[in-house]
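A.B. asks: This is a predicted model, with the sequence first.
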Amino acid sequence: MSDIISPIPGVFYRCPGPGKDPFVQVGDTVTAGQTVGIVEIMKQFTEVQSDVAGVVASFAIEDAGMVNPGDVIVTITEA
Amino acid sequence: MKKLLIANRGEIAVRIIRTARQMGIATVVVVSEPDKDSLAARTADEAVLIGPAPATASYLNHEAVISAALETGADAVHPGYGFLSENAAFARKVIDAGLAWVGPPPEAIEMMGNKSRAREAAREAGVPVLRGTDGPLREEDDALAIARGIGFPLAVKASAGGGGRGIRFVDTEEELLAAIEMARGEAGSVFGDPTVYMERFVPHARHVEVQVLADGEVFVHLGDRDCSMQRRSQKVIEEAPAPALPDEVRERIRSSSVELARRCGYTGAGTVEFLYDPAAHEAAFIEMNTRLQVEHPITEAITGVDLVREQLRVASGQGLSVTQEDITFTGHAIEVRLNAEDPSNNFFPSPGTISALQWPEGEGIRVDTGVDAGSVVAPFYDSMLAKLVVSAGTREEAIAAMLAALKQVHIEGVKTTVPLHQALLARPEFAAVEHHSKFIETTPGLLEAL
């Protein structure tokens, strides 16, 4: 298991925009470097990328939830 | 008007409260959860909690804002800038609820919100426009032939775009058709309207703009401003009047902006934005902002006219207090936007708690702030904390006064853009008015030295 953490504070979004499909769903296979969500801080958007290849196990933060630096956002089961 | 609801936050809410209070008008601000104890909430007569942190659930929630107005017995709504200020649907709901809308008629907001319609209206009013398509580019048009007439490089712009968004630059004929295709696709998905138009692109352009005021019968301008110092299309430093502008250009943009306001039945405060090509000595229409502008204090500084007072007078049916003959221009004013960003880390946002705060004081210095010592700068909204404005007899004196004022700014707890302003104001290019809207991004060593 690998935890993907937010390096910054802000609001976590699972989708690239309102009405868009989520970047990834639980059960999806991801590659290292793939975007799994974005964190918005003061109108600036930072992509959150998976450090590892594997399968999305769970989201610790719901869509539009607050994150602080170091908070776990997504857990990946490593391939 | 007895009680005004302000549908905004931060410095602009505080600034609007100040004038309303001077006019004997009670004030209500709407606040989101993290803004409950903000300076604006503490300064207003009443604060109404309308929702959680995300703006879509609070400051952009039409029904929550209007309910707050009705429940507190407010009789007017001032939208400030940003948020709902250029939302025609919201303006209509405010008016339909029997409240006074502090802004232009919804039809004017709508027309100026559509960039190709706005461009046509501007052209018909005699406002100089860039060579480009007359109206939107239609599917059946010979885009290549039109583009050859405009010349390369050119910009393909989304009709529903604005504020620097929805623009694609095309350098050569070969790239044109693919670029139009992509621009249409993007415009459709981002703005819900695939309409695009083409316009000549001017490299090294300056940004100048004209402030207008109108009450339906009287239409005036309050001179011009230059906002060329920008970072990623966001204004950083503004000044009034616009320096190094030929008299005939200044006169033409001022008078044609008034004519545009007259033709679209404008009321209240508005800004007509132009790009200025210093090589060709030509100005051309960009867009009209149908609201109070962030940088309005520099116009107030050189004219002595309180723009918010005029807005509130017009919204309450009293009409403007000034005619064109009354408006005179004195001295030079500069504004810098102080953002909670870290200039040494690529302007990354810097939220936090302001542990200590001291503003400069003295003649000719004005600070419009949304924060005080102890304020929490939350990560949810725009990073602008405050605006520092100085006025002096000449531009040279104003630059020196701003540099002196910036030295006295003391903010602990968050990083700010003070070092950026100090670096920019000390540049010989700024002194010589040789800067342009891409100056910050294209000047080697400027940001690295911060």
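C.D. replies: Yep, it's here. Numbering: from 1, shown residues only, chains lettered A, B, ... in the order given.
A.B. asks: how about low-confidence regions in the stretch 201-350 of chain B?
C.D. replies: Nowhere does the stretch 201-350 of chain B drop to pLDDT under 70.
A.B. asks: Contact partners for the closest residue to chain A within it?
C.D. replies: The nearest approach of the stretch 201-350 of chain B to chain A comes at B:P349, 3.8 Å away (C-beta to the nearest C-beta). Where C-beta positions appear, they are placed from N, C-alpha and C, glycine not excepted. Listed by C-beta atoms under 8 Å, 6 or more residues apart in numbering or on different chains, the contact set of B:P349 reads A:41-42, A:44, B:340-342, B:379, B:383.
A.B. asks: Over to it: give its phi and psi.
C.D. replies: The phi/psi pair for B:P349 (degrees, to the nearest 10) reads phi -60, psi 150.
A.B. asks: which one is it nearest to, not counting chain neighbours?
C.D. replies: Among residues not flanking B:P349 along the chain, A:M42 sits closest, at 3.8 Å (C-beta to C-beta, 6 or more residues apart in numbering or on different chains).
A.B. asks: Could you tell me how many residues sit around the residue of chain A found nearest chain B?
C.D. replies: Closest contact between chain A and chain B, by C-beta to the nearest C-beta, is at A:M42 (3.8 Å). Number of residues near A:M42 (other C-beta atoms under 10 Å in any protein chain shown) recorded here: 21.
A.B. asks: residues from chain A in reach of chain B?
C.D. replies: Within reach of chain B by C-beta under 8 Å from any C-beta of the partner chain, chain A has these residues: A:8-11, A:17-18, A:40-44, A:64, A:66.
A.B. asks: Could you dump those into a markdown table with pLDDT added?
C.D. replies: As requested, these are arranged in a markdown table below (pLDDT from 0 to 100):
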| residue | pLDDT |
| --- | --- |
| A:I8 | 86 |
| A:P9 | 85 |
| A:G10 | 88 |
| A:V11 | 89 |
| A:G17 | 76 |
| A:P18 | 73 |
| A:E40 | 89 |
| A:I41 | 90 |
| A:M42 | 87 |
| A:K43 | 80 |
| A:Q44 | 82 |
| A:A64 | 87 |
| A:M66 | 87 |
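A.B. asks: Going through these, which ones are buried?
C.D. replies: Buried subset of the residues of chain A next to chain B (neighbour count, 16 or more other C-beta atoms under 10 Å in any protein chain shown): A:8-11, A:40-42, A:44, A:64, A:66.
A.B. asks: Could you single out the nearest of the residues you listed to B:G317?
C.D. replies: A:M42 (38.4 Å; C-beta to C-beta).
A.B. asks: residues touching the closest one, list them.
C.D. replies: B:340-341, B:349, B:351, B:379-383.
A.B. asks: same check, this time on A:Y13
C.D. replies: When contacts are counted by C-beta under 8 Å, 6+ apart, A:Y13 touches A:37-40, A:63-64.
A.B. asks: Kindly reformat the residues of chain A next to chain B as a markdown table containing secondary structure and distance to B:R117.
C.D. replies: Formatted as a markdown table, these follow (DSSP: H, G, I helix; E, B strand; the rest coil; distance: C-beta to C-beta, whole Å):
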| residue | secondary structure | distance to B:R117 |
| --- | --- | --- |
| A:I8 | coil | 40 |
| A:P9 | coil | 41 |
| A:G10 | strand | 36 |
| A:V11 | strand | 34 |
| A:G17 | coil | 25 |
| A:P18 | coil | 25 |
| A:E40 | strand | 31 |
| A:I41 | strand | 35 |
| A:M42 | coil | 32 |
| A:K43 | coil | 27 |
| A:Q44 | strand | 31 |
| A:A64 | coil | 34 |
| A:M66 | strand | 40 |
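A.B. asks: of all the contacts of B:P349, which two lie farthest apart?
C.D. replies: B:D342 and B:P379, at 13.5 Å, using C-beta to C-beta across those.
A.B. asks: So which residues of chain A form strands?
C.D. replies: Assigned by DSSP state E, chain A shows strands spanning A:2-5, A:10-13, A:29-30, A:35-41, A:44-49, A:54-59, A:65-67, A:72-78.
A.B. asks: Now render those as TSV, adding distance to B:A88.
C.D. replies: Listed next are these as TSV, based on distance: least, C-beta to C-beta, whole Å:
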stretch	distance to B:A88
strand A:2-5	42
strand A:10-13	27
strand A:29-30	42
strand A:35-41	26
strand A:44-49	27
strand A:54-59	37
strand A:65-67	32
strand A:72-78	38
